[in-house]
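Engineer: only geometry, no sequence info:
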């Protein structure tokens, strides 16, 4: 679920391959239901756009203003709640394997996505050839064990609301901070006691919440494992980007 204060829309996605667009100010009204081509795995939004990462490496980008108008018209005219909506953009993930998470840049310029095979991709909304040539992907959340490269899923992504850098969390229990523009890792924190399941920065960027729980990456179905939320207080420059290499 995601909420957009600019349009006052609450949007939820379900494995029945639908999006529901709710108007919280009118809880008695049925939400508009939008069919998707596959199961949504992750949602993220900016002030103007909604990004939906789905199965089969499909990515849809919706214009939130258009969704707001559609929802208002449907409510006023009492139209059928199940509608077909053409996204602003249709894309295929830059990565070869299943998407785990997607997070939008706070400046409304693009988004990052992650996969089950230890990779993160950074892309821009601008469809021009120049902007699309800037997109890239990199390897992360991998560890050498007895000479073998063990690859973990990247379960969570979150952008810093002030600096525009982003954090990634993996099945290896590691959280790393990245500068997506300079294409550099800023820092990596000490390993947490379980797989990192979720990340979120506070609105002012001064705190990072890290949710951990058993991720079954070690093959053990340990439902009694560590399940905690850690709150890290960040220094003023801790998540600040670095200058690009010369």
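Structural biologist: Thanks, I have the structure now. Every value quoted in this text rests on a predicted model; they were computed, and no experiment measured them. Numbers count the residues shown, from 1 in each chain.
Engineer: Pop the domain breakdown of this structure in here.
Structural biologist: 1-92, 93-238 (automatic domain parsing).
Engineer: Going along the chain, name the helices of this protein.
Structural biologist: Applying DSSP state H to the chain gives helices spanning 64-77, 129-132.
Engineer: Can you tell me which of those is packed in deepest?
Structural biologist: helix 64-77 (a mean of 16; mean count of other CB atoms under 10 Å). No exception for glycine: its C-beta is placed from N, CA and C like everyone else's.
Engineer: Can you give the contact residues for that helix?
Structural biologist: The contact list for helix 64-77 (CB atoms under 8 Å, 6 or more residues apart in numbering) reads 4, 6-9, 11, 21, 23, 26, 29, 31-32, 45, 47-50, 79-81, 83, 85, 88.
Engineer: wait, what's in contact with the most centrally placed residue in the chain?
Structural biologist: Nearest to the mean C-alpha position of the chain, counting by CA atoms, centre = their mean, stands residue 102 at 2.3 Å. Going by CB under 8 Å, 6+ apart, residue 102 touches 42-44, 51-53, 59, 111-114, 157.
Engineer: Now go through those and say which are in strands.
Structural biologist: 42-44, 51-53, 59, 111-114, 157 (DSSP state E).
Engineer: what would these look like in CSV with neighbour count?
Structural biologist: Shown next, in CSV, are the ones in strands among the contacts of residue 102 (neighbours: other CB atoms under 10 Å):
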residue, neighbour count
42, 21
43, 19
44, 21
51, 26
52, 24
53, 27
59, 21
111, 26
112, 24
113, 28
114, 29
157, 24
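Engineer: Return the closest of the residues you listed with respect to residue 164.
Structural biologist: Residue 164 lies nearest to residue 112 out of those, by CB to CB, at 10.9 Å.
Engineer: which ones are touching residue 185?
Structural biologist: Listed by CB under 8 Å, 6+ apart, the contact set of residue 185 reads 140, 176-179.
Engineer: Relative to residue 211, which of those is nearest.
Structural biologist: residue 176 (15.9 Å).
Engineer: Relative to residue 209, how far out is that closest one?
Structural biologist: Plainly put, residue 176 is 16 Å away from residue 209 if you go by CB to CB, to the nearest Å.
Engineer: Same question for residue 174.
Structural biologist: For residue 174, the distance to residue 209 (CB to CB) stands at 16 Å.
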